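Asks: I'll drop the sequence and a predicted model, then ask my questions.
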Amino acid sequence: MLENLEVLPPDPILGLIAAFAEDSNPHKIDLGVGVYQDDAGRTPVMRAVLDAEARLLATEGSKSYLPPAGESSFNTGMQQLLLGEDCAARYGSRLASIQTPGGCGALRIGAEVIHRSNPATRVWVSDPTWPNHMPLLGSAGLALETYPYYDFEGHQLDFEAMVARLQQVQAGEVVLLHGCCHNPSGADLNLEQWQAVTDLALERGFTPFVDVAYQGLGAGLEADAAGWRYMAERVPEMLIASSCSKNFGLYRERTGALVLLAETEQAAAAGRSQALSAARQSYSMPPSHGALVAGMILQDGKLRESWQGELEQMRGRIVQMREAVVEQLGSDFAFIREEFGMFSFLGINHAQVQRLREEYGIYMVDSTRINLAGLNANNLDYFVTAMRSI
């Protein structure tokens, strides 16, 4: 059987990681990897996570399965983080959620729910978008369309073109939106634009599916959530896929949640039951460790205060790197200052990307998306010197 298979090419980012690891240049810089790094170039375990893990180690008495929907304190905490502390009172039984293996699991289970509702549903995805959106949604059997999002020449969100395309979306279709810190562009919708997209969703009758992978790393926990919270208060239904990889640093623990907001209590119960059925048919039960840790942090005042403080420091460091890059590279790169989160397109050409890699050991994907968190006080001058030389 296996002899009939073809060897597939490596994922571009995973291939880049491998090439970086083999590079002997002592000054090499990895700007392609999609994880937060501190000023020492490490991806640290957050203090609140270490404290929660210590408590968990001292108190956890069983490794039995979690319930199919996951850890209840985690689900409640994620609903509140995404939709506000008063979300239970605001939405009542219209709101449902399940714990998933990371944001990828949330996206895939959400896609399964959409497909079960209507296999012919089209999902509209921004162009550009995170590359894994397409296989995660498409492999569930959904047809995919794209809407323009980023103006590469102007280095900015192309909202006019986005709206023009979304005016073609049909009732019952789904539009995938990046909640904040758009990956790969860093160009986010402002609140006024979220309001316009909300009006469009009501006018056209489409369902928003919001991918929230970076809450807290853009403008702050509450500011980042303002747009999709506005939308949730007005649309009859929406889906939210959320990840704890970036803002809790729980990358390898695969911790995420799918939140369903339905028009009626009955529809919410049906959606949740279908999500649980889809989960049972794929991974059966969710992993426990990350959800127990994140749930504890979200429900404990001291742990949450510690977590929010460190998250704000992480956000501040990314902002500082954006400012430093613009200050040293000049006004041609001023757009980097206006964007949010870890990523931006550098906007150089392919030959320049190759020169940076081959001559300087500076690695980025061919689209020129860079991770600003890969820069720090120790390598910024080297990066700027290399950029000026190409």
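Replies: Thanks, I have the structure now.

Asks: make it CA atoms for all contacts and neighbour counts henceforth
Replies: Fine.

Asks: Show me the strands in this protein, by range?
Replies: 29-30, 95-101, 122-127, 143-148, 150-151, 156-157, 174-178, 207-212, 238-243, 255-261, 343-345, 362-363, 369-371 (DSSP state E).

Asks: Specify the stretch among those strands that is closest to residue 198.
Replies: Among those, strand 207-212 comes nearest to residue 198, with 8.7 Å by C-alpha to C-alpha.

Asks: Which residues outside that closest one are in contact with it?
Replies: Residues outside strand 207-212 that contact it (C-alpha atoms under 8 Å, 6 or more residues apart in numbering): 103, 107, 172-180, 201, 228, 237-243.

Asks: Give the buried subset of those residues as a ChimeraX selection command.
Replies: In ChimeraX syntax, the buried subset of the contacts of strand 207-212 is picked out as below (16 or more other C-alpha atoms under 10 Å):
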select :103,107,172,173,174,175,176,177,178,179,180,201,228,237,238,239,240,241,242,243
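
Asks: Let me have the strands of the chain in JSON lines, extended by mean pLDDT.
Replies: JSON lines is the format used below for the strands of the chain (pLDDT from 0 to 100):
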{"stretch": "strand 29-30", "mean pLDDT": "96"}
{"stretch": "strand 95-101", "mean pLDDT": "98"}
{"stretch": "strand 122-127", "mean pLDDT": "98"}
{"stretch": "strand 143-148", "mean pLDDT": "98"}
{"stretch": "strand 150-151", "mean pLDDT": "98"}
{"stretch": "strand 156-157", "mean pLDDT": "98"}
{"stretch": "strand 174-178", "mean pLDDT": "98"}
{"stretch": "strand 207-212", "mean pLDDT": "98"}
{"stretch": "strand 238-243", "mean pLDDT": "98"}
{"stretch": "strand 255-261", "mean pLDDT": "98"}
{"stretch": "strand 343-345", "mean pLDDT": "98"}
{"stretch": "strand 362-363", "mean pLDDT": "97"}
{"stretch": "strand 369-371", "mean pLDDT": "97"}
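
Asks: okay, the ones you listed in TSV with distance to residue 87 next?
Replies: Formatted as TSV, the strands of the chain follow (distance: least, C-alpha to C-alpha, whole Å):
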stretch	distance to residue 87
strand 29-30	40
strand 95-101	8
strand 122-127	27
strand 143-148	31
strand 150-151	32
strand 156-157	30
strand 174-178	21
strand 207-212	17
strand 238-243	14
strand 255-261	11
strand 343-345	30
strand 362-363	43
strand 369-371	33
